[in-house]
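> What follows is a protein structure lacking sequence information:
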């Protein structure tokens, strides 16, 4: 199975989502078929982020079960509710970024093998969001024993 990037947002992240999809395809050269928009497809100021975040997270988790390297990007106003929601889905390790030191993005992948990135659209510019997405996608899990052990403990807890 090929690596896919699932991306979803609510009304607050709608415009940034469109720009990031364009960035992923045109600038980072991901195949169009491998960048999957899970919605919304039309702007609706009354939509609810769980509808799109859960869909995105489930797709990432399902592909993780199939040994895929698929990841997700979810976007909302702060990114916090989106991260909370994504982390309710078994198998998801979602980190949130809404500005500040980008080192947290690196550590989220190197130490935690985060498979979903949540962005706070009301707190970061499009340029910063693009930089963070690129950095997050390029950063690899360190695969060190201590990090694998900790992730395995999370997985054991989820199975209970």
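Structure received. The structure displayed is predicted, hence computed values, not measured ones.

> chain center to stretch 70-81: distance?
With C-alpha atoms, centre = their mean, to the nearest Å as the basis, stretch 70-81 stands 6 Å off its chain's centre.

> So which residues of the protein form strands?
Using DSSP state E, the strands of the chain run over 5-9, 35-39, 71-76, 94-97, 116-120.

> quick one: average confidence on the last one?
The one in question is strand 116-120. Strand 116-120 shows a mean pLDDT of 98.

> coming back round to it: would you convert the strands of the chain into TSV that also reports distance to residue 22 and mean neighbour count?
The C-beta positions use only the backbone N, C-alpha and C, and glycine is treated the same way. Converted to TSV, the strands of the chain look like this (distance: least, C-beta to C-beta, whole Å; neighbours: other C-beta atoms under 10 Å):
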stretch	distance to residue 22	mean neighbour count
strand 5-9	11	26
strand 35-39	9	18
strand 71-76	13	28
strand 94-97	20	24
strand 116-120	15	28
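
> so how far is stretch 95-105 from its chain's centroid?
That offset, for stretch 95-105, works out to 12 Å (C-alpha atoms, centre = their mean).

> So which bits of it are buried?
95, 96, 97, 98, 105 (16 or more other C-beta atoms under 10 Å).

> swap in stretch 107-124?
Applying 16+ other C-beta under 10 Å to stretch 107-124 flags 108-110, 112-121, 124 as buried.

> quick one: contacts of the worst-scoring helix or strand of the chain on mean pLDDT?
Ranked by mean pLDDT, DSSP states H and E, the weakest helix or strand in the chain is helix 49-65, scoring a mean of 93. For helix 49-65, contacts defined as C-beta atoms under 8 Å, 6 or more residues apart in numbering pick out 1, 4, 6-10, 12, 36, 38-40, 70-74, 76, 81-82, 85-86, 88-92, 94, 115-116.
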